[in-house]
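**Q** Would you be able to build a 3D model of this:
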Amino acid sequence: MIKLLLIQPENREIKRFRRWQFNNFSQITIPYLAAYADERYFEIRLVDEYGERIPFKRKFDLVAITVNTPNAPHCYELSAEFRKRGAKVVMGGPHVTLLPEEARAHCDYLLIGESERTWRQFLEDYAAGKPRSEYTDDQPPTLATLPLPRWDLLKRNRVMKGAVFATRGCPYHCRYCNLKQIYHNVFRTRPVAEVAAEIRVMKSKFFVFWDDNLFADKEYAKELLRAIAPLKLKWAAQVTLRDCADEELLAAARSAGCLYLFVGVESFSEQSLESAGKAINRVADYKPLIDGIHRHGIMIQAGIVFGFDGDRKDVFDNTLAACEALGIDGVTVSVLTPFPKTPVYEQLKAEGRLLTGDWSRYNSKTAVAFQPKHMSAAELLAGYVRFRRQFYSLGSFVRRMRVSRTNIALNFVINLGYRLGV
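**A** Next up, the predicted model:
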């Protein structure tokens, strides 16, 4: 029996940053990958490092690690420790796909790109004693007939295990986003019946759609929402604000149990939106679209990014005032991060504005990895921190709720979680 350990890594700095947030749903990658492992050959252990310690003292034959950019140095350290103890290590995930030549030096096997087919083939080859050093799928894998994720193997709060995905990819081309580099550039959907069946067997009454843009195909989204409405569950999803102009879609979302939508607002500056390549957003449209979402009793969690070339030192105060005027319920705020191979990364590299090659500094939350155009890196980080503190203050919450008037009790609990984190 091959002893297999699958790790969802999280470095200490980000664990400290997230520890008080109430909506830390588990990533879905590792539970899905575990479902492909044949238990006739593999004895499987899952570890989500956000809530568990890495079991270094246990003996494993094979360790699988999914690697994103800010976790890359940490993942390389984990790999070195397990290899020193005699285990073989296979790596995949966004950073491996972006920079396979770098990751190759830190593991025994690489999975580049989407892994539904390559992971299954790798496991078969490994069990047969003939694994290749590298696997790449040149064609977009189908999202049909996926196995049910092995949430039963994950030691986390049951509520935080409620995650599913229905689509993959995004039709838009934001300059800071690396979706086009890590996925095949084809937006795809899963069969509605299969998604609904997966949701039906969840243990939690709350879940999150882990899609990059659930509403990108509106007719598909409506069909899916009609299918899950009878389940009487509560959920959240990430969507594009412009797609929320569809009243029928919003009504279907509310009827299906939608509590809040994460929308990529990014900025309240047209110049910064242009710098971001976010042509689908127009500041003039924000108020009617957000008002429409609130009318359906759905909260808004706005994604906001500081550090675009259009941002000046007043961007933090201006953004806070705009959020309060619009009644934005919550924010996920980030520092602009030039992920490898994205247009923003290539621009900043060409202009000599990258400040470090330490990937742990590319975490969007606690560090600035580039030289901003109209302020210092220290000023950008300080303004970002100050904005978070001010937004999640009691005074700001009251001002925002006077406008939003949406799920105020739940809103308070979520805001309190973020406030404790701040």
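
**Q** Just the CA atoms of stretch 200-217, as CSV, please.
**A** Below are the C-alpha coordinates for stretch 200-217, written out as CSV (Å, rounded to 0.1, in the frame of the first residue of the first chain):
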residue,chain,number,x,y,z
ARG,A,200,-27.0,17.9,-2.3
VAL,A,201,-24.7,15.6,-0.4
MET,A,202,-22.8,18.4,1.4
LYS,A,203,-23.0,18.2,5.2
SER,A,204,-23.2,22.0,5.7
LYS,A,205,-26.2,24.3,5.1
PHE,A,206,-23.8,27.0,3.9
PHE,A,207,-21.4,26.7,1.0
VAL,A,208,-19.4,28.8,-1.5
PHE,A,209,-19.1,28.5,-5.2
TRP,A,210,-15.3,28.5,-5.8
ASP,A,211,-15.8,29.8,-9.4
ASP,A,212,-13.9,32.7,-10.8
ASN,A,213,-17.1,34.1,-12.5
LEU,A,214,-20.2,32.1,-11.8
PHE,A,215,-22.4,34.4,-13.9
ALA,A,216,-20.2,34.5,-17.0
ASP,A,217,-22.7,32.3,-18.8
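
**Q** what about that stretch, average pLDDT?
**A** Stretch 200-217 carries an average pLDDT of 93.

**Q** Would you mind listing the buried residues in it?
**A** Neighbour-count burial for stretch 200-217, with 16 or more other CB atoms under 10 Å as criterion, is recorded at 202, 204, 206-217. Bear in mind the C-beta positions are built from the backbone N, C-alpha and C, glycine included.

**Q** Stretch 138-151 too?
**A** For stretch 138-151, the buried set under the neighbour-count rule, 16+ other CB under 10 Å, comprises 140, 141, 143, 146, 149, 150, 151.

**Q** now do the same end-to-end measure for that stretch.
**A** Using CA to CA, to the nearest Å, the gap from the first to the last residue of stretch 138-151 comes to 29 Å.

**Q** starting at the chain centroid, how far to it?
**A** Remark: stretch 138-151 is offset 18 Å from the chain centroid, using CA atoms, centre = their mean, to the nearest Å.

**Q** what do you get for stretch 263-277?
**A** Its chain's average C-alpha position is 19 Å from that of stretch 263-277, according to CA atoms, centre = their mean.

**Q** Need the buried residues of stretch 200-217 in TSV (columns: distance to residue 292).
**A** TSV is the format used below for the buried residues of stretch 200-217 (distance: CB to CB, whole Å):
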residue	distance to residue 292
202	29
204	29
206	24
207	24
208	22
209	20
210	25
211	21
212	22
213	18
214	17
215	13
216	18
217	20
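
**Q** which two from the buried residues of stretch 138-151 end up farthest apart in space?
**A** Pairwise distances across these peak at 25.8 Å for 140 and 151 (criterion: CB to CB).

**Q** Let me have the buried residues of stretch 138-151 in JSON lines, extended by secondary structure.
**A** JSON lines is the format used below for the buried residues of stretch 138-151 (DSSP: H, G, I helix; E, B strand; the rest coil):
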{"residue": "140", "secondary structure": "coil"}
{"residue": "141", "secondary structure": "coil"}
{"residue": "143", "secondary structure": "coil"}
{"residue": "146", "secondary structure": "coil"}
{"residue": "149", "secondary structure": "coil"}
{"residue": "150", "secondary structure": "coil"}
{"residue": "151", "secondary structure": "helix"}
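
**Q** mean confidence for the strand or helix carrying residue 414?
**A** Secondary structure assignment for residue 414, by DSSP states H and E: helix 408-421. Averaged across helix 408-421, the pLDDT comes to 84.

**Q** do stretch 95-109 as well
**A** 97.

**Q** Stretch 384-404 too?
**A** Averaging pLDDT along stretch 384-404 gives 96.

**Q** contacts for that stretch?
**A** By CB atoms under 8 Å, 6 or more residues apart in numbering, the list of residues contacting stretch 384-404 from outside reads 294, 299-300, 306, 316, 319-320, 323-329, 331, 333-335, 408, 411-412, 415, 418-419, 422.

**Q** Now, of these, which are buried?
**A** 294, 299-300, 306, 316, 319-320, 323-324, 326-329, 331, 333-335, 411, 415, 418-419.

**Q** From the residues you listed, which land in strands?
**A** 299, 300, 306, 331, 333, 334, 335 (DSSP state E).

**Q** Not counting sequence-adjacent ones, nearest residue to residue 377?
**A** Among residues not flanking residue 377 along the chain, residue 368 sits closest, at 4.1 Å (CB to CB, 6 or more residues apart in numbering).

**Q** buried residues in whatever helix or strand residue 345 lives in?
**A** Secondary structure assigned from DSSP H and E places residue 345 in helix 343-350. Of all the residues in helix 343-350, those buried under the rule 16+ other CB under 10 Å are 343, 344, 345, 348.

**Q** Dump the residues you listed into TSV; add pLDDT and distance to residue 242 as well.
**A** Below are these laid out as TSV (pLDDT from 0 to 100; distance: CB to CB, whole Å):
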residue	pLDDT	distance to residue 242
343	95	21
344	96	21
345	96	26
348	97	27
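
**Q** Tell me the one among those nearest to residue 75.
**A** Comparing these against residue 75 with CB to CB picks out residue 345 as the nearest, at 19.7 Å.

**Q** Return the residues in contact with the closest one.
**A** 338, 339, 354.

**Q** right, and out of those, which lies closest to residue 76?
**A** residue 339 (17.4 Å).

**Q** Checking residue 3 next. Helix, strand or coil?
**A** Here residue 3 is recorded as strand under three-state DSSP.

**Q** what about it, how many neighbours?
**A** Residues near residue 3, counting by other CB atoms under 10 Å, number 15.

**Q** I'd guessed it sits against residue 60; true?
**A** Yes: shown here, residue 3 and residue 60 form a contact pair, counting by CB atoms under 8 Å, at 4.8 Å.
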